[in-house]
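>>> model the structure of this input:
(chains A and B)
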Amino acid sequence: MMWRPVWGIIEREMVRMIRQRGRLVSAAARPLIWLIVIGSGFNAMLGNLGPQGYHHFLVPGLLGMVMLFGAMLVSLTVVYDKEFGVMRLLIVAPLPHYWIVVAKVISGAVVAVVQAGAFTLLMAICGYVGSEVSLVLLVLGLVATALACASLGIVIAVWSSTLDNFAVVMNFVIFPVFFLSGALYPVQKLPDFLKLVAAMNPFTYGVDVLKHALLGSAAPLLGTDFGVGLDLTVLLGFTVLATVVACWRFSHESAAGLLQFLRS
Amino acid sequence: MTGHNASLFNAATAKLAIRTAGLCKDYGTLRAVDTLDLEVPEGQFFGLLGPNGSGKTTTIHMLTTLARPTSGQATVAGHDVRREGVAVRREIGLVFQDSALDRTLTVAENLRFAGLLRNLPTAVIRQRSDELLDLFRLRDRRDKPVATLSGGMRRALDMARGVLHRPRLLFLDEPTLGLDVPSRRGIWRFIERLRREEGITVFLTTHYLEEAEACDQVAFLAKGKIIGRGAPKALVQSLGTYMLEIESEQLETVIASLSRRLGPCLHDGEKASFRIQEEHFDFMDLQAELGNRVQSVRWRRPNLNDVFLWVNDPTLSASVVA
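Predicted coordinates for the structure are as follows:
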């Protein structure tokens, strides 16, 4: 029954994604720079890793990065909407307020999956995605990771009242989340303390499931860290938990908090 | 409240579009709206008038479920604003004080977005958007980004968006704020037409009091309290037939001599205004009597602004017949 309003919110994010060219370009350029600079640097340092170089190992992490940034930018619109008044239109719509949060999480995930899908194609063309790819697992992994990133972004967004505020928090979240995952190095090789932190980071499991999908068992040296079942369970569990927390906060605080903000 | 009482309250509000009883809203220690009692029958054009910061917007926010009342009751279209927020929001349209359009979207996309949020089928959205854009002469801007529109055009689009879903009840929060005269006229013509053709209830707030003279009923709000209410025409008539404005450097003595005959006056600085109740008042006689003690003497018909000023003055409000 709520599909039309939810579709309306998703459609708006898609239109905005396509219209903001700079956003699309930077979404593609950022991981490419990482691939070329960090990928080549590490590859040279690590020496011979077998048939697949470090580049192959890095691709799942970069897919995760694409989704982390893509989803974060959509959750940024929650704050943007508060600042520019569009949120008032959403909260006077005849639907319970938690649907707004759910719709924003889905929009973030859709935008992230679209961008990551495009990046996967680009990587395949460049030859960094081999024949060992499992398409079903790749789609599952992309969707689950995108949902986890989007819900993480929304949790931060419902607690931020201004764009500046959100930008600061984003910097403190995105980079630790990215570095303290298996995106750049296998979790198993980390010191115990960092291994613990990485194990608590839901993004780790997103990168891991993408490694399962893209690398298969072809890279024993720089391989996966967990089982696919655990990866997907953690990602979906985190998504549900974060979305519920965000819905609770938004339903209770949005109207009152937003209006107080507008009065100030 | 028990179930029985609740049903009685609802039965009494069946013919009322809006009813509030003892409605209050506090922001910290500030009481923004103070024990508000309102009754707006279906189909009425109601105006809530008052200066900036008097609590008009807070009242609209409570009635449209954007703000939770601190205490008291309010029903809108028969639904409790606290317990049945979604049902209230289904019946109403709201045009905000400042534009709430998405600047990155086009005119048509903004309407489509609002229509989808209202659960309208896309075919209906397209058809009504075209009608409304024709009406507001925005047809040629259909596919232009909102960022390229002028202030008046944006307001018109806000208005179109507020009525896209054909609400039974339309809330307008300062709809003409910052607009030029032609845009204002266009907006008032549209409201008039909506009322005539669809019979919708309109709840208006404004601090341009002269614009509220088309209302069926107005209430004056000052510091969160209603200080006077009635039909604009009756309120203006009850004030008097003329307002007499006098400027003088010896204002105190002039007031002293005139107030015996004309009653109390409203004065600020160098100007005093008196109410004249008689239909055939002899102003020539008065002018001769005042002689050169005054700089200027003017008389004119009273308007809603005068009513507000008189009821808002604690020393005078008792002398104005409500």
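
>>> wait, B:Leu164 touches B:Asn110, no?
No: with contact defined as Cβ atoms under 8 Å, B:Leu164 and B:Asn110 do not form a contacting pair (10.0 Å). For glycine as for every other residue, the C-beta is placed from the backbone atoms N, C-alpha and C.

>>> between these two, tell me which one has more neighbours.
Each of B:Leu164 and B:Asn110 has its neighbours counted (other Cβ atoms under 10 Å in any protein chain shown); B:Asn110 has more, 27 against 23.

>>> nearest residue to the residue of the stretch 151-300 of chain B found nearest chain A in space, please, no chain neighbours.
Across the stretch 151-300 of chain B, the shortest distance to chain A (Cβ to the nearest Cβ) belongs to B:Arg161, at 7.9 Å. Ranked by Cβ to Cβ, 6 or more residues apart in numbering or on different chains and with sequence neighbours excluded, the top spatial neighbour of B:Arg161 is B:Ala114, at 4.6 Å.

>>> what helix or strand is the one you found on?
Under the assignment given by DSSP states H and E, the secondary-structure element containing B:Ala114 is helix B:107-117.

>>> ok, then the element right after that helix?
According to DSSP H and E, the helix or strand after helix B:107-117 is helix B:122-135.

>>> tell me the mean pLDDT for the helix or strand containing A:Ala116?
Here A:Ala116, judged by DSSP H and E, is contained in helix A:98-126. Computed over helix A:98-126, the mean pLDDT rounds to 92.

>>> does chain B sit close to it?
No: among the residues of helix A:98-126, none lie within reach of chain B under Cβ under 8 Å from any Cβ of the partner chain; the closest is 9.4 Å away.

>>> show me what counts as buried in that helix.
A:98-117, A:119-120, A:123 (16 or more other Cβ atoms under 10 Å in any protein chain shown).

>>> what parts of the stretch 151-300 of chain B come near chain A?
In this structure, the stretch 151-300 of chain B approaches chain A at residues B:Arg161, judged by Cβ under 8 Å from any Cβ.

>>> OK, contacts around whatever residue of the stretch 1-150 of chain B ends up closest to chain A?
For the stretch 1-150 of chain B, the residue closest to chain A is B:Leu116, as judged by Cβ to the nearest Cβ, at 2.9 Å. Shown here is B:Leu116, whose contacts under the criterion Cβ atoms under 8 Å, 6 or more residues apart in numbering or on different chains are A:4-5, A:7-8, A:11, B:122, B:125.

>>> B:Asp130 too?
Taking Cβ under 8 Å, 6+ apart, we find B:Asp130 in contact with B:Arg139.

>>> how about the one 10 residues further on?
With contact set as Cβ under 8 Å, 6+ apart, B:Asp140 has no partners.

>>> measure it to B:Arg193 for me?
Computed with Cβ to Cβ, to the nearest Å, the distance linking B:Asp140 and B:Arg193 is 22 Å.

>>> skipping adjacent residues, who's closest to the most centrally placed residue in chain A in space?
In chain A, the C-alpha nearest the mean C-alpha coordinate belongs to A:Leu68, at 2.8 Å (Cα atoms, centre = their mean). Closest residue to A:Leu68 in three dimensions, ignoring its sequence neighbours and counting by Cβ to Cβ, 6+ apart: A:Cys149, at 4.9 Å.

>>> so that neighbour sits against A:Val207, correct?
No: taking Cβ under 8 Å as the definition, A:Cys149 is not a contact partner of A:Val207, at 11.1 Å.

>>> out of the two, which sits in the more crowded spot?
The residue with more neighbours, out of A:Cys149 and A:Val207, is A:Cys149; 34 against 28, by other Cβ under 10 Å.

>>> which SSE is that one in?
helix A:135-159.

>>> show me what that helix is packed up against.
Secondary-structure packing of helix A:135-159 (3 or more Cβ pairs under 8 Å, 6 or more residues apart in numbering or on different chains; DSSP states H and E): helix A:54-84, helix A:98-126, helix A:163-179, helix A:202-215, helix A:228-263.

>>> and it with helix A:163-179, angle?
Angle of helix A:135-159 versus helix A:163-179, following axes from the mean of the first three to the mean of the last three Cα atoms, to 10 degrees, is 150 degrees.

>>> ok, residue 160 - contacts?
In the absence of a named chain, this looks at chain A. A:79, A:166, A:169.

>>> let's do chain B instead
If a contact means Cβ under 8 Å, 6+ apart, then B:Ala160 has B:111, B:129, B:132-133, B:135-136, B:138 as its contacts.

>>> highest neighbour count among these?
When the contacts of B:Ala160 are compared by neighbour count (other Cβ under 10 Å), B:Leu111 ends up highest, at 26 neighbours.

>>> where's the nearest residue to that residue once chain neighbours are set aside relative to B:Ala114, distance?
Here the nearest residue to B:Leu111 in space, its sequence neighbours aside, is B:Ser129; by Cβ to Cβ, 6+ apart that works out to 4.3 Å. B:Ser129 is 9 Å from B:Ala114, where distance means Cβ to Cβ.
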